[in-house]
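*Asks:* Got a predicted model here, sequence first, then my questions.
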Amino acid sequence: MELAELISGWAQPGRVEWIGVRPERRVGVEVVREAVVSADGLEGDRGRAGKRAVSLIQQEHLVAIGSYLGRGPVAPETLRRNLVVSGINLAALKGREVQVGEAVLRFTVICAPCSRMEEALGKGGYSAVRGHGGWCAEVVRPGRVALGDAVQPID
């Protein structure tokens, strides 16, 4: 089997487990059951068009981050990402077009932790998130996203 074929493979669709919008900096995240994704990101979110319009993190990584801190899973709103997804490796989707509900996103760059992770998670918070902070994506096609929606590559 060729490397390109191995890289393009995936075992199963993922699933949207959590949705949050951040209306302003340093304001609490609003947890919602569904959201409309426009070119600027999720409606009601402070995001902007471009390669960081939508942020995603794997649910499995919330457990890992908590483990590195000696506790249970980290709450999604603490990391301030827009979507929490389970069941599919987001890192394997870099550069690909991915259907999330009705929307199509292209994964662009990692969501590196910010210095506020020490404030939010305590000592070691920044290091715990490194490599597990999720991905940013640009919007290829706007659409609605809801809890339980499938997440899968379309190319």
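*Replies:* All right, it came through fine. Numbering: from 1, shown residues only.
*Asks:* which other residues reach the least confident helix or strand in the chain by mean pLDDT?
*Replies:* Counting by mean pLDDT, DSSP states H and E, the weakest-scoring helix or strand in the chain turns out to be helix 3-8, with a mean of 77. For helix 3-8, the external contacting residues (Cβ atoms under 8 Å, 6 or more residues apart in numbering) are 92, 153. C-beta: built from backbone N, CA, C; applies to glycine.
*Asks:* any idea how far that helix is from the chain center?
*Replies:* Put simply, helix 3-8 sits 23 Å off its chain's centre (Cα atoms, centre = their mean, to the nearest Å).
*Asks:* I'd like the next helix or strand past it.
*Replies:* Sequence order places strand 14-21 as the next helix or strand after helix 3-8, per DSSP states H and E.
*Asks:* Can you name the residues in contact with the helix or strand just after that following strand?
*Replies:* Using DSSP H and E, the helix or strand that follows strand 14-21 towards the C-terminus is strand 30-32. Identification of contacts with strand 30-32 by Cβ under 8 Å, 6+ apart yields 18, 19, 20, 21, 22, 23, 44, 77.
*Asks:* would you list these in CSV and tack on distance to residue 142 and pLDDT?
*Replies:* Below are the contacts of strand 30-32 laid out as CSV (distance: Cβ to Cβ, whole Å; pLDDT from 0 to 100):
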residue, distance to residue 142, pLDDT
18, 20, 98
19, 15, 98
20, 18, 96
21, 15, 96
22, 19, 89
23, 19, 84
44, 14, 93
77, 24, 93
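*Asks:* Any buried residues in stretch 108-115, and which?
*Replies:* 108, 110, 111, 113 (16 or more other Cβ atoms under 10 Å).
*Asks:* Provide a list of residues in contact with the residue positioned nearest the centre of the chain.
*Replies:* In the chain, the residue lying closest to the centroid (Cα atoms, centre = their mean) is residue 56, at 0.6 Å. Counting by Cβ under 8 Å, 6+ apart, residue 56 touches 81-85, 90, 100, 105, 107, 111, 134-137.
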